[in-house]
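Dropping a prediction and its sequence here:
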Amino acid sequence: MAQRVLLIVSGGIAAYKALELVRLLRGRDIAVRAVMTEAAGQFVTPLSLGVLTEDHVYGALFDLKDEREIGHIQLSRDADLIVVAPASADILAKMAAGIADDLATTLLLATDKPVLAVPAMNVRMWHHKATQRNLAQLREDGIHVMEPAVGAMACNEWGKGRLPEPVGILAEIERLLAEGPGAAEPHPLLTDTTRTINAPDLSEHNLFGRHVLVTAGPTHEPIDPVRYIANRSSGRQGFAIAAAAARVGARVTLVAGPVTLPTPPGVTRVDVETAREMAAAVEQALPADVAIMVAAVADWRATDEAAQKLKKDGSGKPAPLALTENPDILATLGQHPQRPTLLIGFAAETETIIDHAQAKRARKGADWIVANDVSGNVMGGDSNAIHLVTADGTETWPDMPKTAVAMRLIERIADALAGR
Ligand SMILES: Cc1cc2nc3c(=O)[nH]c(=O)nc-3n(C[C@H](O)[C@H](O)[C@H](O)COP(=O)(O)O)c2cc1C
């Protein structure tokens, strides 16, 4: 059964981001029922929340019709997790004091379910001793409290108190919903959720409204029912790029070869096995503003996949293995009528890396090639040293974690697309 979140929206300037959070949750098949405080109604409408949750939005404690259909206690019992986002200074104070003077606070007092509070407020409200006292009390009471982000405020001030980006809240919700011993571990691509997610300045480097298509991982090309041709790609660089693009607001489609990595928050994943399946999934995902082809697609496949397991025939001679070239996904996109505005390929090389990358850029009709030396243990490792080959020349970046390569690349992409 789908997991269920009861989302309480309180009255703050960041309430509009609750709408994006609902969209992300629904995209992950998490059912959302929303409750608004009276003040929240000054910032977002029950209509928008109702359309996105596809459910009635609850507001007043003494709405007899609601109480008859579903009691206020039942509302909290039906959820797997209660999320207060944004959580105003006022609602945090009421929660800490056990005040229950409206539907939202009554539910919070009546619940036996885990609660996540995501505060958002002016920097001075955040640092006020009363707020800090309330937060300490809530944490002591077992409420999960997310740290707000640091940055520019709606009130022209700067500091701590901004709502974390909705993908960061989604990651925290998924972590709390996850059962078992892994539940305490944050998503590996978001080790420090709030800080990593808000690291880029979203006002400068964002991809809101853009569709970013990423491929990642190896492909498996079957020889017979039990054997396949593969390579050592782990998918980590492509997954990190998909995560980074989602973090700065893009709609992301990630076409993933056979890897066991978790899907980054806010990313739509399509799992494939072979190069031909990957080519079809990429085609299906068009149009896209940016395509970043990170997958290590097998160049060749077995010409004929044997229906039965190949056997030794006693002659000492191995079974013949004829190979056929696979479709070239990057070159196909380079010629495509729906060619993405920015087409980026990855080139894994073991020698004369930059020369090969420059030649590949021209041959495939790509805008940029990200070239890396895979003669060490880059495939499967945590870090990557890359050369970015563009029409303007080649940049060599220092060896850095794959997540940092991803963030820097996404910032470059956002800059390149700005105004286009
Ligand atoms: C324009 C405007 C913006 C506000 N933004 C915030 C905010 O971001 N965070 C906050 O804690 N309170 C904010 N407030 C104050 C709350 O709306 C106020 O404390 C209200 O009583 C909160 O009610 P609730 O906690 O029941 O939703 C804002 C008020 C106004 C008028």
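Thanks, I have it. Please read these numbers as outputs of a predicted model, since none were measured by experiment. Numbering: from 1, shown residues only.

Would you map the strands across the stretch 251-400 of the chain?
With strands called from DSSP state E, counting those that start in this stretch, the stretch 251-400 of the chain shows them at 251-256, 267-271, 290-293, 300-302, 323-325, 342-349, 368-373, 383-384, 386-390, 393-396, 400-401.

which strands and helices sit next to the third one?
What it means is strand 290-293. Packing contacts for strand 290-293, counted by 3 or more C-beta pairs under 8 Å, 6 or more residues apart in numbering; DSSP states H and E, involve strand 211-216, helix 236-247, helix 329-335, strand 342-349, helix 402-417. Quick note: C-beta positions are derived from backbone N, CA and C, even for glycine.

ranking those by burial, who's on top?
Each of these was scored by mean neighbour count; the highest is helix 236-247, a mean of 30, by mean count of other C-beta atoms under 10 Å.

If we ignore the residues flanking it in sequence, what's nearest S76?
Leaving aside its chain neighbours, S76 sits nearest to T111 (3.8 Å; criterion: C-beta to C-beta, 6 or more residues apart in numbering).

what are the phi and psi values for that neighbour?
With angles defined as degrees, to the nearest 10, T111 sits at phi -80, psi 150.

Surely it touches L81?
No: T111 is beyond contact range of L81, at 10.0 Å (criterion: C-beta atoms under 8 Å).

Show me which of the two is the more surrounded one.
L81 (20 against 17; other C-beta atoms under 10 Å).

Next up, the contacts around the more buried one.
3-6, 113-116, 173, 176-177 (C-beta atoms under 8 Å, 6 or more residues apart in numbering).

Redo those as TSV? Include secondary structure.
As requested, the contacts of L81 are exported to TSV (DSSP: H, G, I helix; E, B strand; the rest coil):
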residue	secondary structure
Q3	coil
R4	strand
V5	strand
L6	strand
K113	coil
P114	coil
V115	strand
L116	strand
I173	helix
L176	helix
L177	helix
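
Leaving out the residues flanking it, which one is nearest to D55?
Closest residue in space to D55, ignoring its immediate chain neighbours: R33 at 5.3 Å, by C-beta to C-beta, 6+ apart.

what about that neighbour, which helix or strand?
Secondary structure assignment for R33, by DSSP states H and E: strand 31-36.

So what touches that strand?
Contact partners of strand 31-36, identified using C-beta under 8 Å, 6+ apart, comprise 2-9, 18, 22, 25-26, 44, 46, 49-50, 52-53, 55, 57-59, 75, 78-79, 103-104, 107.

Next secondary structure after it?
Scanning onward from strand 31-36 (DSSP H and E), the first element met is helix 46-53.

how close does the residue of the chain most remote from its centre sit to K309?
Of all residues in the chain, S315 sits farthest from the chain's C-alpha centroid, using C-alpha atoms, centre = their mean; the distance is 53.1 Å. Taking C-beta to C-beta, to the nearest Å as the measure, S315 falls 17 Å from K309.

Could you pull up phi and psi at the residue positioned nearest the centre of the chain?
The centroid of the chain falls nearest to P265 when counting by C-alpha atoms, centre = their mean (3.0 Å). Here is the backbone geometry of P265 (degrees, to the nearest 10): phi -60, psi 140.

surely it meets L24?
Yes: applying C-beta under 8 Å as the test, P265 and L24 come out as touching, 7.3 Å apart.

Now for these two: what residues contact both?
167, 170.

Can you pull the residues of the stretch 101-250 of the chain lying near the ligand?
Contacts of the stretch 101-250 of the chain with the ligand, taken as C-beta under 6 Å from any ligand atom, map to 120-121, 125.

Closest one to the ligand out of the residues you listed, please.
Comparing those against the ligand with C-beta to the nearest ligand atom places M121 closest, at 3.6 Å.

Next, find the distance separating that closest one from A149.
According to C-beta to C-beta, M121 stands 12 Å off from A149.

more neighbours, the two?
A count of neighbours by other C-beta under 10 Å puts M121 above the other of M121 and A149, at 25 against 19.

who's in contact with that one?
12, 88-89, 131, 148, 161.

Check A85 too.
Contacts of A85 (C-beta under 8 Å, 6+ apart): 7-9, 17-18, 21, 116-118, 120, 163, 169.

List the ones among these that fall in helices.
17-18, 21, 169 (DSSP state H).

per-domain residue ranges of the protein.
According to automatic domain parsing, the chain comprises the domains 4-188, 211-307+320-417.

Where does pLDDT dip in the stretch 201-350 of the chain?
201-205 (pLDDT under 70).

What angle do helix 46-53 and the strand holding R33 make with each other?
170 degrees (axes from the mean of the first three to the mean of the last three C-alpha atoms, to 10 degrees).

Keeping just the C-alphas, turn strand 31-36 into CSV.
Backbone C-alpha positions of strand 31-36 (Å, rounded to 0.1, in the frame of the first residue of the first chain) are rendered in CSV as follows:
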residue,chain,number,x,y,z
ALA,A,31,-0.3,9.8,-0.8
VAL,A,32,-0.7,13.2,0.7
ARG,A,33,-3.6,14.7,2.7
ALA,A,34,-3.3,18.3,3.6
VAL,A,35,-4.3,20.4,6.6
MET,A,36,-3.9,24.2,6.5
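
Next, see if that strand gets close to the ligand.
No: Strand 31-36 does not reach the ligand (C-beta under 6 Å from any ligand atom); its nearest approach is 8.2 Å.
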